[in-house]
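Asker: prediction below, plus the sequence it came from.
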Amino acid sequence: MANDKNETETLKSVKEEYITEVIEKEFGKNAKVKKIEEVLTSGAGENYASDLHRIQVDVELEDKTETTVSYIYKAMPNSEFGGQMLKAMNIFPREIEIYTKIIPKFEELYKEAGKTVRFSPKCVFVAPGEEAFLMEDLKPKKFVNAKRQIGLNIDQVKRTLEKLAEYHAASVIVYERDGYAATYIEGIFKEEIMKPMLEMQKSLMNIYIDCLKQNENVQPYIHKMLKMLDYGFDKFLDAMKVNENEFNVLNHGDLWCNNIMFQYDDNDNITETYFVDYAAAKYGSPSQDLWYFLLSSCEKSIKIDKFEYFVKFYHDKLIENLKLLQYTKELPKLLDLQIQLLKNSLWAFSTVQGLLPIILVDPTELATMDNFMDTGDAGMKFKIMSFSNPRYLDALEELLPWLDNKGIMD
């Protein structure tokens, strides 16, 4: 769900009978599909792990009046290498289960507690035998993304953390009652998937370091980054393990600004916040979502300056919602959360080193899953563009000393 390219083409991504079934379910058996158009929704660099299409449908209702509705069709990306990796990660069955089974449980918990909470657009159809599904389109309800290169302002960050705290609190109650399938305990980054990814990353180390050397204020930290990259595999696998003696939640797993949508009123006040793209959902420490979100998606001016404030704001909201949902175990203390953040600080480094470059890069046709993973000419060009981006180097200039002062890069 990102900015439209405003290109319309004939239907080719989704079968017409799927659309007909959805329309009849929403408007009745006598509704007729008059016209279907497919609009590409994701510009270059806005979405890597799936293909997104807006499906616009002209419908004749039983009383002969007409209306237009739209849906988002999400499918496996048409990429050779990236598609294979995503299939191995089993991301579509996981995400479909989140939308159709787990999120409804969360929302029902709040309904029973007397609070109306919605987390996401609704999944309206799952394509049988395919890794694809249709979702409610949020554009008609005036939901939008923030610009990823700029990041979120204080109000947007607080609204996101408020929703995240609601999501995490509900996830704790559901885990205590029903548990989660093994796929959410293990996560998508299994050893057999991570090993080739990290080997590829090591092969790019010289290029990455050469790009970093362009900023003299980053140079003093290069030797520590090399050390982190060298032994990061084992530490990353350790970070994925669940410590049952600590407070755990179902993390969103990929919470950055393109997976957060805001609805505004006529005075530009945020009225609602939804999350999308739950493919990387992982049970474990909430520090995963906090590091990932706060370091990837806050505006540069507040990322460090307001970090501790944001952590406390999240914790306050988490406790508020755990009490509302009548959590019976000991409530997690702010100190416990701060300790978890330090213990799981590899999420901070991996976000800054692996995610931030592709978030801050300018739109480019080179920004594809295949180029993200490949070491061919186009892939290398995209990586150099990302690593040498002045916006990224400026971010490192502030983030690396801050991480180092916390002991995270030792």
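Answerer: Sure thing, it's come through.
Asker: which stretches of the stretch 251-400 of the chain form helices?
Answerer: For the stretch 251-400 of the chain, helices defined by DSSP state H, counting those that start in this stretch occupy the ranges 287-297, 300-303, 307-324, 334-343, 346-350, 356-360, 369-373, 377-387, 390-405.
Asker: tell me which of the ones you listed lies nearest to residue 135.
Answerer: Nearest to residue 135 among those is helix 369-373 (20.2 Å), distances taken as C-beta to C-beta. For glycine as for every other residue, the C-beta is placed from the backbone atoms N, C-alpha and C.
Asker: confidence-wise, which of the helices of the stretch 251-400 of the chain is weakest overall?
Answerer: Among the helices of the stretch 251-400 of the chain, helix 369-373 carries the lowest mean pLDDT, at a mean of 70.
Asker: got the buried residues for the host helix or strand of residue 19?
Answerer: With elements taken from DSSP states H and E, the one containing residue 19 is helix 16-27. Across helix 16-27, burial judged by 16 or more other C-beta atoms under 10 Å covers 18-19, 22-23, 27.
Asker: and of the residues you listed, the nearest to residue 306?
Answerer: For the buried residues of helix 16-27, the nearest to residue 306 is residue 22 (42.5 Å; C-beta to C-beta).
Asker: which sections of the protein are below the confidence cut-off?
Answerer: 1-12, 42-49, 78-85, 88, 191-193, 195-196, 198-203, 231-234, 369, 373-374 (pLDDT under 70).
Asker: centre-most residue in it?
Answerer: Central residue of the chain (C-alpha atoms, centre = their mean): residue 254, 2.9 Å from the mean position.
Asker: so that residue makes contact with residue 280?
Answerer: Yes: assessed by C-beta atoms under 8 Å, residue 254 is found in contact with residue 280 at 4.3 Å.
Asker: not counting sequence-adjacent ones, nearest residue to residue 168?
Answerer: residue 249 (3.9 Å; C-beta to C-beta, 6 or more residues apart in numbering).
Asker: correction: residue 296
Answerer: Residue 296 sits nearest to residue 256 (C-beta to C-beta, 6+ apart), 4.4 Å away.
Asker: OK, contacts around the one you found?
Answerer: Contact analysis of residue 256 by C-beta atoms under 8 Å, 6 or more residues apart in numbering lists 148, 292-293, 296-297, 355, 359.
Asker: what do you get for residue 295?
Answerer: Applying C-beta under 8 Å, 6+ apart, the residues contacting residue 295 are 303, 348, 351-352, 356, 399.
Asker: against residue 38, how distant is it?
Answerer: Residue 295 sits 36 Å away from residue 38, going by C-beta to C-beta, to the nearest Å.
Asker: pretty sure residue 70 sits in a strand.
Answerer: Yes: the assignment for residue 70 by DSSP: H, G, I helix; E, B strand; the rest coil puts it in a strand.
Asker: now for residue 224, how many residues are close by?
Answerer: By other C-beta atoms under 10 Å, 16 other residues sit near residue 224.
Asker: use 543 as the first number from now on
Answerer: Okay, using 543 as the starting number, the last item reads as residue 766.
Asker: shouldn't it be in contact with residue 946?
Answerer: Yes: counting by C-beta under 8 Å, residue 946 is a contact partner of residue 766 at 6.7 Å.
Asker: picking that back up, for the residue nearest to residue 838, what are phi and psi?
Answerer: For residue 798, the backbone dihedrals (degrees, to the nearest 10) come out as phi -130, psi 170.
Asker: could you measure from it over to residue 649?
Answerer: 23 Å.
Asker: same question, residue 729
Answerer: 24 Å.
Asker: which of those two has more neighbours?
Answerer: The neighbour comparison of residue 729 against residue 649 (other C-beta under 10 Å) goes to residue 729, with 23 against 18.
Asker: check contacts around residue 659.
Answerer: For residue 659, the contacting residues are 648-649, 652-653, 708, 712, by C-beta under 8 Å, 6+ apart.
Asker: actually residue 642, not the one I wrote
Answerer: Neighbouring residues of residue 642 by C-beta under 8 Å, 6+ apart: 665, 668.
Asker: which strand or helix spans the spatially closest residue to residue 564 that is not a sequence neighbour?
Answerer: Closest residue to residue 564 apart from its sequence neighbours, by C-beta to C-beta, 6+ apart: residue 667 at 5.0 Å. When elements are assigned from DSSP H and E, residue 667 belongs to strand 665-668.
Asker: quick one: list the elements packing against whatever helix or strand comes next after that strand.
Answerer: Next helix or strand after strand 665-668 toward the C-terminus (DSSP H and E): strand 674-678. Counting by 3 or more C-beta pairs under 8 Å, 6 or more residues apart in numbering; DSSP states H and E, the packing neighbours recorded for strand 674-678 are strand 608-617, helix 633-639, strand 665-668.
Asker: and the helix or strand that comes right after strand 674-678, which strands flank it?
Answerer: Going down the chain from strand 674-678, the next helix or strand is strand 685-686, by DSSP H and E. According to DSSP bridges, strand 685-686 forms sheet pairs with strand 802-806 (antiparallel).
Asker: just the CA coordinates of the strand it pairs with, formatted as PDB?
Answerer: Provided in PDB are the C-alpha atoms of strand 802-806 (Å, rounded to 0.1, in the frame of the first residue of the first chain):
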ATOM      1  CA  ILE A 802       1.800   2.200   8.600                       C
ATOM      2  CA  MET A 803      -1.300   4.000   7.200                       C
ATOM      3  CA  PHE A 804      -2.800   7.200   8.700                       C
ATOM      4  CA  GLN A 805      -6.300   8.600   8.300                       C
ATOM      5  CA  TYR A 806      -6.800  12.300   8.700                       C
END
